[in-house]
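> Okay, sequence plus prediction incoming.
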Amino acid sequence: MTLAFGAIRRHPLLAMIATPEISLAVRADAPRIAAMSRDLVEQGLGWRWTPSRILRVMRDRATNVAVAREGEGISGFGIMQYKDDEAHLLLLAVDPMRRRKGIGSALMAWLETTALTAGTGCIYLEARARNAEARAFYGRLGYIEILTVRGLYSNSEDGIRIAKDLWSKPPSGG
Ligand SMILES: CC(C)(COP(=O)(O)OP(=O)(O)OC[C@H]1O[C@@H](n2cnc3c(N)ncnc32)[C@H](O)[C@@H]1OP(=O)(O)O)[C@@H](O)C(=O)NCCC(=O)NCCS
């Protein structure tokens with residue numbers, strides 16, 4: 001999937017933040033992305049997003065793996081899958097040392113712009129109910145919590161289904 005750079009630069013989230021370089025991941029990024037998923041997202045759940053699975057989704061035309069590059073390294077990544085009329089954010093993480101600098105917002109802006117370019121206006125994702133940081137982050141970006149899914153991650157850990165309608169106008173006066 002190709003993106004018009006101008007479309008990304010016009011995204012409203014990017015008006016508020018310094019813009020790191022966001023691009024599609026390349027094969028060599030897979031081990032780092034998988035390790036970040038294991039350590040920052042999948043703690044306590046078992047490692048499902050291994051390097052080979054990351055490589056598989058990179059080859060999938062319906063999925064984008066985006067990375068934030070800083071120097072030689074990756075400070076964050078996001079994986080979004082596109083379906084006919086919705087997109088699903090599968091993973092998102094930013095290096096703990098690089099948080100609160102707008103990198104997560106820039107990754108989401110890139111992925112949202114890609115979804116719109118593909119004609120998809122609804123984005124869904126799930127977060128752990130106890131992940132207050134992620135819930136605050138998505139709330140700030142205009143995402144709405146729509147459902148609690150009991151035992152989504154394990155018998156004792158609930159998930160929150162979160163969504164954003166990219167075509168709806170943001171509330172005024174905020
Ligand atoms: C959630 C995450 C991706 C946010 O990345 P980030 O680069 O720090 O996010 P940003 O800097 O773009 O934050 C944008 C806004 O979101 C909100 N926000 C972000 N992190 C927050 C936190 N820990 N607590 C409260 N609000 C937070 C703030 O409003 C922030 O703006 P501000 O810094 O000007 O106050 C990052 O914390 C992370 O990787 N967490 C671990 C993995 C994870 O939970 N992934 C999501 C799973 S669904």
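In hand now; what should we look at?
> Could you report the neighbour count for the nearest residue to Glu86 once chain neighbours are set aside?
Closest residue to Glu86 apart from its sequence neighbours, by C-beta to C-beta, 6 or more residues apart in numbering: Cys122 at 4.4 Å. Every residue, glycine included, has its C-beta placed from N, CA and C. When neighbours are counted by other C-beta atoms under 10 Å, Cys122 registers 16.
> Over to Cys122: give its phi and psi.
phi -110, psi 130 (degrees, to the nearest 10).
> Report pLDDT for it.
We have a pLDDT of 96 for Cys122.
> right, and it touches Ser168 too?
No. Shown here, Cys122 and Ser168 do not form a contact pair, counting by C-beta atoms under 8 Å, at 9.7 Å.
> What distance do you get for the residue nearest to Glu86 to the ligand?
Here Cys122 is placed at a distance of 17 Å from the ligand (C-beta to the nearest ligand atom, to the nearest Å).
> what is that residue paired to in the beta sheet?
With DSSP bridges applied, Cys122 shows beta-bridge pairing to Asp165.
> Which positions in the chain make contact with the ligand?
Contact residues, the chain versus the ligand (C-beta under 6 Å from any ligand atom): 40-41, 92-94, 99-105, 125, 127, 131, 133-134, 136-137, 140.
> Give me the subset of the residues you listed that lies in helices.
Ile103, Gly104, Ser105, Glu133, Ala134, Ala136, Phe137, Arg140 (DSSP state H).
> contacting residues around the residue lying closest to the second one once chain neighbours are set aside?
Of all residues not flanking Gly104 in the chain, Val94 sits nearest, at 4.9 Å (C-beta to C-beta, 6+ apart). Val94 makes contact with Leu40, Ala68, Ser75, Gly76, Ile103, Gly104, Leu107, according to C-beta atoms under 8 Å, 6 or more residues apart in numbering.
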